[in-house]
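Q: Sequence first, predicted model second:
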Amino acid sequence: MEKINIQELIKFYISKWKFLLLVIVLSGVLGYSYVSFAQKPLYRSNSRLLFIEKVNNSTDKEPIIISLVELFDSKKILNRGVQLSGIDLGDQQIQQLTKNITVNSKKESNVINLGVEYKDPAGSQNLNQGIVKSFIEFFNSNYKARGEIKVIDSADLSSAPINIKSKRSMALFVGGGFMFYILALFMIYDEDANSKPNKGGVKYAKKK
């Protein structure tokens, strides 16, 4: 590769501005298509529950919360929750749903946080509400003597998918297309420069 003339290289890039603009537009269209059609959106609905213990036994407090959190893994509670949500899901879909449910409780806290992810906002909200109702039903049937469950925050309605960042994805596509085009133009320029004869009328020989 011969020494690059920066001024000539810049002029070469400027002369191809129309193609550069076309590449940017096409990259943006590809990015938009990927975000709109290729990615499957997931919406999360969150709710919070409070366990009110009738007998305040500090040595028994944390274990009961752990047990309550683990109850959300119960197929009985989940199946009943799906039924209460009014959404028709098959066994395989319910199995997949278990991967989209997050339940946690901070240490030394009686608050349980529930998050449910689904393909549409209303569906995630209905599933969250159904699972909460199912959980409370199960609790009242088996643990009522220990206390009660109060809903602090009802299931919210998500306004945007949690797994799709439209601006970021489109920026990556446009940036990638831009860099690819700049590199391709540089290779074309270099090839063209090396094939031109020098002042002595001799063509540059490429180094092997």
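A: On my side now, so go ahead.

Q: Residue ranges in the protein under the pLDDT threshold?
A: The chain contains residues with pLDDT under 70 at 1-3, 35-36, 38, 55-63, 165-166, 196-208.

Q: Now do the most centrally placed residue in it against Leu127, distance only.
A: For the chain, the residue nearest the mean C-alpha position is Asn163 (1.7 Å; C-alpha atoms, centre = their mean). As judged by C-beta to C-beta, to the nearest Å, Asn163 and Leu127 stand 17 Å apart. Where you see a C-beta, it was placed from the backbone N, CA and C, and this is true even at glycine.

Q: returning to that earlier point: where does the residue nearest to the centre of the chain fall, secondary structure wise?
A: Using DSSP states H and E, Asn163 sits in no helix or strand.

Q: what's the answer for Lys76, then?
A: Using DSSP H and E, Lys76 falls within helix 75-85.

Q: Now tell me what touches that helix from outside.
A: For helix 75-85, contacts defined as C-beta atoms under 8 Å, 6 or more residues apart in numbering pick out 71-72, 89, 94, 97-98, 101, 123, 126-127, 129-135, 137-138.

Q: Any of those residues buried? List them.
A: By neighbour count, with 16 or more other C-beta atoms under 10 Å, these hold 71-72, 89, 97, 101, 123, 126-127, 129-135, 138 as buried.

Q: Which strands or helices does the helix or strand Lys167 falls within pack on?
A: Using DSSP H and E, Lys167 falls within helix 166-195. With contacts defined as 3 or more C-beta pairs under 8 Å, 6 or more residues apart in numbering; DSSP states H and E, the packing partners of helix 166-195 are helix 6-15, helix 17-33.

Q: between those, which gets nearest to Phe173?
A: helix 17-33 (3.1 Å; C-beta to C-beta).

Q: Now do the buried residues in that closest one.
A: Residues 20, 23-24, 27, 30-31 are the ones in helix 17-33 that count as buried (16+ other C-beta under 10 Å).

Q: picking up where we left off before, identify each buried residue in the helix holding Lys76, please.
A: Buried residues in helix 75-85, counted by 16+ other C-beta under 10 Å: 77-78, 80-82, 84-85.

Q: after that helix comes which helix or strand?
A: Once the chain leaves helix 75-85, the next helix or strand it forms, by DSSP H and E, is helix 91-97.

Q: Look up phi and psi at Asn113.
A: Phi and psi for Asn113, reported as degrees, to the nearest 10, are phi -100, psi 130.

Q: And Asp156, by the same measure?
A: The phi/psi pair for Asp156 (degrees, to the nearest 10) is phi -90, psi 170.

Q: wait, it sits on Leu114?
A: No - using C-beta atoms under 8 Å, Asp156 makes no contact with Leu114, being 11.1 Å away.
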